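K.L.:
Let's see this in three dimensions:
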Amino acid sequence: MGCILASTTYEEQFKNFLKKNNLKFTKERREVLRAITIQRDHFHAEDIYQQLRKQKSNVSLATIYRTIPLLIDSGLIKGTIYGGERVVYEKVYNKPHHYHMVCLNCGKIIEFICPDMEVIQNNICRNNIFLSTEYNLEIKGYCQDCRRKMMNEKKEQKIQ
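P.N.:
Numbers count the residues shown, from 1 in each chain. Modelled structure (predicted):
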């Protein structure tokens, strides 16, 4: 039930955006949007393509890449992590602002909310008479599992 409600809200937001920009809400755009609304985590364009293939959709990867900027401009998703060769996207519509920790080894993305960071950012902008329109914090390092594996590998190297 929650997915249907979220999907409808996303669909209404996207339809309104397209209408304001004199663009059509095509069957292909609907399929891409629905595939994105059921994503639970961060995703790549290729993840959407694979999901649509499983659903026997004929939407091409090129159509997905053409639809993503529209979804970004409509405020439904954003590109968040620019690691490696591919952009990682996430749903942001009706979602609180948050930050990311990214494991350099396995690529795991951990989201966190930090109200203190919001206060710091607002103070910095106020002190510099600066109007912030967007801000991101991305901490790169190693997750607990990868650190544990790295420590075990070091121990094994010492034994040999």
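
K.L.:
from here on, contacts and neighbour counts on C-alpha atoms
P.N.:
Noted.

K.L.:
where's residue 75, which helix or strand?
P.N.:
Using DSSP states H and E, residue 75 is not contained in any helix or strand.

K.L.:
Repeat that for residue 46.
P.N.:
In this assignment (DSSP H and E), residue 46 forms part of helix 45-54.

K.L.:
try residue 10
P.N.:
Under the assignment here (DSSP H and E), residue 10 is part of helix 2-20.

K.L.:
Could you verify that residue 78 is part of a strand?
P.N.:
Yes - membership of residue 78 in a strand is supported by DSSP: H, G, I helix; E, B strand; the rest coil.

K.L.:
Residue 72 is in contact with that one, correct?
P.N.:
Yes - in this structure, residue 78 is within contact of residue 72 by Cα atoms under 8 Å, at 5.2 Å.

K.L.:
so where's this structure uncertain?
P.N.:
Scanning the chain for pLDDT under 70 picks out 1-8, 81-85, 160.

K.L.:
90 instead, please
P.N.:
Along the chain, segments meeting pLDDT under 90 span 1-10, 38-42, 78-88, 92-100, 102, 106-111, 113-115, 117-118, 132-138, 152-160.

K.L.:
Tell me how it divides into domains.
P.N.:
1-95, 96-160 (automatic domain parsing).

K.L.:
Could you single out the most deeply buried of those domains?
P.N.:
Highest mean neighbour count of these: domain 1-95, a mean of 15 (counted as mean count of other Cα atoms under 10 Å).

K.L.:
gap between that domain and the chain center?
P.N.:
Relative to the centre of its chain, domain 1-95 is centred 10 Å away, using Cα atoms, centre = their mean, to the nearest Å.

K.L.:
Also stretch 144-160?
P.N.:
Here the centre of stretch 144-160 is set off from its chain's centre by 32 Å, with Cα atoms, centre = their mean.

K.L.:
in the chain, which spans are helices?
P.N.:
2-20, 27-37, 45-54, 61-73, 115-127, 144-159 (DSSP state H).

K.L.:
want to throw those into a markdown table with distance to residue 93?
P.N.:
Below are these laid out as a markdown table (distance: least, Cα to Cα, whole Å):
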| stretch | distance to residue 93 |
| --- | --- |
| helix 2-20 | 8 |
| helix 27-37 | 10 |
| helix 45-54 | 18 |
| helix 61-73 | 10 |
| helix 115-127 | 19 |
| helix 144-159 | 30 |
